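*Asks:* requesting a structural model of the entry that follows:
(one chain, ligands or ions: 2)
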Amino acid sequence: MQIYNTMTGKKEEFVPLMDKRVGMYVCGPTVYNFIHIGNARSFIVFDLVRRYLEYKGYDVTYVQNFTDIDDKMIKRANEESISVFELGERFINEYFKDADALGIKRATVHPRATQVIDSIIEFISDLVAKGYAYQTDDGVYFSVEKFDGYGKLSKKNIEDLISGARVDVNERKKNPLDFALWKAAKPGEPCWESPWGKGRPGWHIECSVMSSKYLGNSFDIHGGGPDLVFPHHENEIAQSEARNGTVFARYWMHAGYLNINNQKMSKSLGNFFTVREVLQRYDPMVVRFFMLSSHYRSPINFSFELLDQTAGGLDRIKNALIRLNGLKGQAGDTSADFSVREAVQKEKDRFIASMDDDFNTAEAISNIFNIVSIANSRVDEGSGQALIKFVSGTICELLGVLGITFNLNADMLDEEIECLIKERQEARARKDFKTADRIRDELKERGIILEDTPQGVRWKRK
Ligand SMILES: Nc1ncnc2c1ncn2[C@@H]1O[C@H](COP(=O)(O)OP(=O)(O)OP(=O)(O)O)[C@@H](O)[C@H]1O
Ligand SMILES: [Zn+2]
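*Replies:* Residues are numbered from 1 along each chain as shown. Ligands and ions are numbered 1, 2, ... in the order given. So this is what the prediction gives:
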């Protein structure tokens with residue numbers, strides 16, 4: 001299996017440190033707000049990597065942190081007149097609601113920065129003792145020049161970085177590239193006691209500490225969003241390798257950007273949609289399927305039109321499964337069954353080959369659609385029961401690898417229908433006819449006919 005390693009800039013054969021076990025760390029959200037769908041992309045991507053490794057039989061220890069103390073957290077907590085701890089608790093819960101809906105499995109451990117302060121202090125003390133860090137009156141800094149190989153992940157040249165660096169007037173560091181490991185407390189800020197006085201940890205150190213705490217000093221895969229390569233991951237490497245004297249993460253994986261109008265979706269630009277608002281209009285599985293329809297390293301240009309198209313594609317798969325589940329079939333094998341089974345098996349093998357090639361989900365999804373086409377054209381009441389089961393089982397298995405699941409119960413509950421009708425009425429009221437039509441079509445496909453009458457909308461089953 002090949003994985004593209006940002007460190008080497010090429011695809012490499014994946015060989016974990018321990019046979020059949022994988023240690024994986026992914027940088028998690030700063031919990032001061034709802035996540036937007038750009039943030040969700042990288043969580044979905046790494047959830048996919050984890051699921052596929054598990055499908056291949058690896059026992060994956062997956063660690064994803066919550067950054068629950070930093071400037072943004074403090075600012076937002078002050079604005080809301082609550083403590084950073086309350087704020088963190090609230091948005092960790094909100095994160096889980098979104099992530100669960102999107103089929104992102106819970107990590108083996110979700111450590112929080114504020115829960116590992118003792119380990120952070122110990123780690124920084126080791127760096128100070130080894131001469132890699134120094135104390136000033138505003139905290140403790142990592143001395144970038146002391147670490148050979150700074151810039152090796154981002155391929156940045158240290159001299160260029162120094163000449164381009166800007167120093168905040170409040171910082172007392174020796175070199176403009178040095179970064180804070182510990183920040184001395186300012187009045188009114190949450191803080192902890194430490195050998196360097198009251199303060200709080202810097203952002204980068206959290207991930208070095210939490211990864212080694214749960215995965216050891218050297219582990220297999222480190223993942224994160226595209227903008228984390230520099231400086232965050234570069235700094236994690238410097239801290240960890242300086243302290244531990246061993247290779248930190250062996251494979252570095254970075255997801256691509258989710259753009260909107262060809263510009264990065266981001267909170268500061270204000271061009272974002274939260275997961276919560278998108279899920280009011282779309283099935284979470286449509287959002288997940290959309291994210292996986294492109295290669296994880298390619299940029300995605302988000303639009304609601306593309307989500308609509310994705311919804312149509314997913315419906316095609318769902319309808320094929322509903323039809324297959326409704327077939328009775330023949331008791332024994334029929335003569336045509338063998339070649340159909342062979343064609344489906346070939347697509348399944350291709351799916352696995354696509355996924356083995358640096359998680360090429362775009363290709364893997366086309367393999368699923370090929371199986372759907374085979375099912376639609378070559379599996380019917382004349383097919384053997386075993387074949388019907390094999391075809392629908394294969395589609396479900398491969399969708400499961402991507403974390404896509406559906407409720408195939410064709411009989412919708414009355415409440416579910418009423419709820420969708422209400423959603424359609426709301427869409428019409430705000431003149432969003434596309435959504436209104438999509439809901440009507442979705443209901444129609446599931447056997448529900450809508451009638452607009454002067455008294456309101458009536459519905460009946462076909
Ligand atoms: N448009 C995007 N596409 C893919 N990943 C993203 C995108 N925006 C943010 N991320 C990832 O989400 C995580 C959290 O990012 P962050 O909180 O900085 O979001 P942001 O919207 O970029 O915020 P800001 O604009 O305030 O920097 C990071 O790992 C980042 O790489
Ligand atoms: Zn990190």
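*Asks:* let me know the secondary structure of residue 294.
*Replies:* Taken by DSSP: H, G, I helix; E, B strand; the rest coil, the conformation at residue 294 corresponds to coil.
*Asks:* chain neighbours aside, what residue packs nearest to residue 440?
*Replies:* residue 450 (5.7 Å; C-beta to C-beta, 6 or more residues apart in numbering). (C-beta placed from N, C-alpha, C; glycine too.)
*Asks:* how much space between the residue of the chain found nearest ligand 1 and residue 73?
*Replies:* Relative to ligand 1, the nearest point of the chain is residue 225 (1.8 Å; C-beta to the nearest ligand atom). Applying C-beta to C-beta, to the nearest Å, the value for residue 225 to residue 73 is 18 Å.
*Asks:* I'd say the residue of the chain closest to ligand 1 and residue 254 touch.
*Replies:* Yes - assessed by C-beta atoms under 8 Å, residue 225 is found in contact with residue 254 at 7.2 Å.
*Asks:* so which residue of the stretch 1-150 of the chain comes closest to ligand 2?
*Replies:* residue 27 (3.2 Å; C-beta to the ion).
*Asks:* check contacts around that residue.
*Replies:* By C-beta atoms under 8 Å, 6 or more residues apart in numbering, the contact set of residue 27 is 64-65, 207, 223-225, 228, 232.
*Asks:* check residue 202 too.
*Replies:* Residue 202 touches 139, 179-183, counting by C-beta under 8 Å, 6+ apart.
*Asks:* what's the answer for residue 26, then?
*Replies:* 42-43, 46, 62-64, 107, 222-224 are the contacts of residue 26 under C-beta under 8 Å, 6+ apart.
*Asks:* about what we covered before: give me the subset of the contacts of residue 202 lying in helices.
*Replies:* In helices, judged by DSSP state H, none of the contacts of residue 202 are found.
*Asks:* need the buried ones from those selected in ChimeraX.
*Replies:* Restricted to buried positions by 16 or more other C-beta atoms under 10 Å, the ChimeraX selection for the contacts of residue 202 reads:
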select :139,179,180,181,182,183
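*Asks:* ok, residue 259 touching residue 301?
*Replies:* Yes - counting by C-beta under 8 Å, residue 301 is a contact partner of residue 259 at 5.0 Å.
*Asks:* remind me which residues of this structure are low pLDDT?
*Replies:* For the chain, applying pLDDT under 70 flags the ranges 167, 169-170, 408-416.
*Asks:* buried stuff in the lengthiest helix in it?
*Replies:* Identified as the longest helix of the chain according to DSSP H is helix 304-326. For helix 304-326, the buried set under the neighbour-count rule, 16+ other C-beta under 10 Å, comprises 307-308, 310-311, 313-315, 317-318, 320-324.
*Asks:* before we move on, back to that, tell me the spacing between the residue of the chain closest to ligand 1 and ligand 2.
*Replies:* Per C-beta to the ion, to the nearest Å, residue 225 is found 9 Å from ligand 2.
*Asks:* what's the neighbour count on the residue in the stretch 101-250 of the chain that ligand 2 sits nearest to?
*Replies:* The minimum distance from the stretch 101-250 of the chain to ligand 2, using C-beta to the ion, falls at residue 207 (3.1 Å). Residue 207 sits with 27 neighbouring residues when counted by other C-beta atoms under 10 Å.
*Asks:* number of nearby residues for the nearest residue to it once chain neighbours are set aside?
*Replies:* Sequence neighbours aside, residue 236 is the residue nearest to residue 207 in space, at 5.1 Å (criterion: C-beta to C-beta, 6+ apart). By other C-beta under 10 Å, 26 other residues sit near residue 236.
*Asks:* can I get the CA coordinates of the helix or strand containing residue 236 in CSV?
*Replies:* For residue 236, the host element (DSSP states H and E) is helix 234-244. Only the C-alpha atoms of helix 234-244 are listed here, as CSV (Å, rounded to 0.1, in the frame of the first residue of the first chain):
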residue,chain,number,x,y,z
GLU,A,234,7.6,21.8,11.5
ASN,A,235,7.6,23.0,15.1
GLU,A,236,6.2,19.7,16.4
ILE,A,237,9.1,17.9,14.6
ALA,A,238,11.7,20.3,16.1
GLN,A,239,10.4,19.9,19.7
SER,A,240,9.9,16.1,19.5
GLU,A,241,13.0,15.2,17.7
ALA,A,242,15.2,17.5,19.8
ARG,A,243,13.8,16.0,23.0
ASN,A,244,13.6,12.4,22.0
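*Asks:* how about that helix: buried residues?
*Replies:* Within helix 234-244, the residues that qualify as buried are 234-244, counting by 16+ other C-beta under 10 Å.
*Asks:* stretch 86-99 now?
*Replies:* 87-88, 91-92, 94-95, 98-99.
*Asks:* I'd like to know which elements the helix or strand containing residue 438 is packed against.
*Replies:* Element membership for residue 438 (DSSP H and E) is helix 433-445. Packed against helix 433-445, as judged by 3 or more C-beta pairs under 8 Å, 6 or more residues apart in numbering; DSSP states H and E, are the following elements: helix 304-326, helix 414-429, strand 448-453.
*Asks:* which ones among the buried residues of helix 234-244 also lie next to ligand 1?
*Replies:* Counting by C-beta under 6 Å from any ligand atom, nothing from the buried residues of helix 234-244 sits close to ligand 1.
*Asks:* now flag whichever of those residues is closest to residue 50.
*Replies:* Proximity of the buried residues of helix 234-244 to residue 50 (C-beta to C-beta) peaks at residue 236, which lies at 19.7 Å.
*Asks:* wait, that closest one sits on residue 209?
*Replies:* No - contact criterion C-beta under 8 Å: residue 236 and residue 209 do not qualify, at 9.7 Å.
*Asks:* and the strands in the stretch 251-400 of the chain, which stretches?
*Replies:* 258-260, 263-264, 300-302 (DSSP state E, counting those that start in this stretch).
*Asks:* okay, those strands in TSV with distance to residue 198 next?
*Replies:* Output for those, formatted as TSV (distance: least, C-beta to C-beta, whole Å):
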stretch	distance to residue 198
strand 258-260	39
strand 263-264	37
strand 300-302	43
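*Asks:* those: which one's closest to residue 290?
*Replies:* Within the strands of the stretch 251-400 of the chain, the stretch nearest residue 290 is strand 300-302; the backing value is 7.9 Å (C-beta to C-beta).
*Asks:* can you list contacts of the closest one?
*Replies:* By C-beta under 8 Å, 6+ apart, the list of residues contacting strand 300-302 from outside reads 37, 41, 256-262, 265, 273, 290-291, 294.
*Asks:* quick one: strands adjacent to that strand?
*Replies:* Next to strand 300-302 in the sheet, as set by DSSP bridges, lie strand 258-260 (parallel).
*Asks:* what does the partner strand contact?
*Replies:* The contact list for strand 258-260 (C-beta under 8 Å, 6+ apart) reads 37-38, 41, 264-265, 271-272, 291, 299-303.
*Asks:* quick check, nearest of the residues you listed to residue 81?
*Replies:* residue 272 (25.3 Å).
*Asks:* residues in contact with the closest one?
*Replies:* 36-38, 260, 265-266.
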